[in-house]
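1. Okay, predicted coordinates and the sequence, questions at the end:
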Amino acid sequence: MHQPTDKIKRIFIYILIFLFVSTIFNFQILNSFLKLFKINKIQIKNIVYHKEFNPFLGQNIFNINKKDVMSVITKFPNIEKYKINKIYPNQISISLFETKPIGKIFKNNELFLIGSNGKTFQGIDNKNLPLIEGTLEMGKINYFLKKIQLSNFSLNKMEKLIYYPSNRWDVIFKDRTILKLPSKQIINNLKRAEILLRRKDFKSKVIDLRIKNKVILYNE
């Protein structure tokens, strides 16, 4: 968020000092001056979010800070980044950047999307996103999703990601191939699975990597 420059602040202070020491100073002049810096327009592209920022209207532009903006942003877990510009003397321009959905999960029988910002929010079901099962702990879910994103695998080709109490995951692909991962060395094991799946002669439907230094292939 862009803060007022020191130069603008100094000019504002100098004008106030001048008004106070001036022999023609009066409250009417002061009020007119202060009204000049009251926010009368907020520029924001998506009208869905516009009304949430309406309380800023009428406030002094110098008084709006990062904490004020964040109090509004936190209402929208689907927002990943934001940018705010103060257009002096009395306007604000706000840009909001929505997070990219990378997974989905059911909580209390309601569907939630999982964003790349690590937060969940309600939205339209996307058939290309993998469904998370076995845990609602976002720390564990986000950790595993990041590991997959560091690999060459595409989340869009995965149907389900299933967590087990032993702190490991199964990946079920849309072609019904199942990848059983151990609880440790996830990145290395994802690479091993990539090599197998790239082979033209690979025909197994289950890749079991749960036992260290062993690859077990079979068809269910």
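-> On my side now, so go ahead. Residues are numbered from 1 along each chain as shown.
2. Name the residues of whatever helix or strand residue 143 lives in that are buried.
-> Assessed by DSSP states H and E, residue 143 sits inside helix 138-149. For helix 138-149, a neighbour-count test (16 or more other CB atoms under 10 Å) marks 141, 142, 144, 145, 147, 148 as buried. For the C-beta atoms, the positions are set from N, CA and C on the backbone; glycine is no exception.
3. which ones are touching the last one?
-> It refers to residue 148. Residues counted as contacts of residue 148 (CB atoms under 8 Å, 6 or more residues apart in numbering) are 155, 158, 161, 171, 190.
4. Repeat that for the third one.
-> Residue 144 makes contact with 161, 163, 169, 186, according to CB under 8 Å, 6+ apart.
5. and if you look at residue 218?
-> 204, 205, 206, 208.
6. Any quick PyMOL command for the buried ones out of those?
-> Selection command for PyMOL covering only the buried members of those, criterion 16+ other CB under 10 Å:
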select buried, resi 204+208
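7. Can I get the contacts of residue 218 in a markdown table including distance to residue 59, secondary structure and pLDDT?
-> Below are those laid out as a markdown table (distance: CB to CB, whole Å; DSSP: H, G, I helix; E, B strand; the rest coil; pLDDT from 0 to 100):
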| residue | distance to residue 59 | secondary structure | pLDDT |
| --- | --- | --- | --- |
| 204 | 64 | coil | 89 |
| 205 | 62 | coil | 94 |
| 206 | 61 | strand | 96 |
| 208 | 61 | strand | 97 |
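8. and the helix or strand just after the helix holding residue 143, which strands flank it?
-> Where DSSP H and E defines the elements, the next helix or strand beyond helix 138-149 is strand 158-164. Each strand paired with strand 158-164, and its direction, by DSSP bridges: strand 131-133 (parallel), strand 168-173 (antiparallel).
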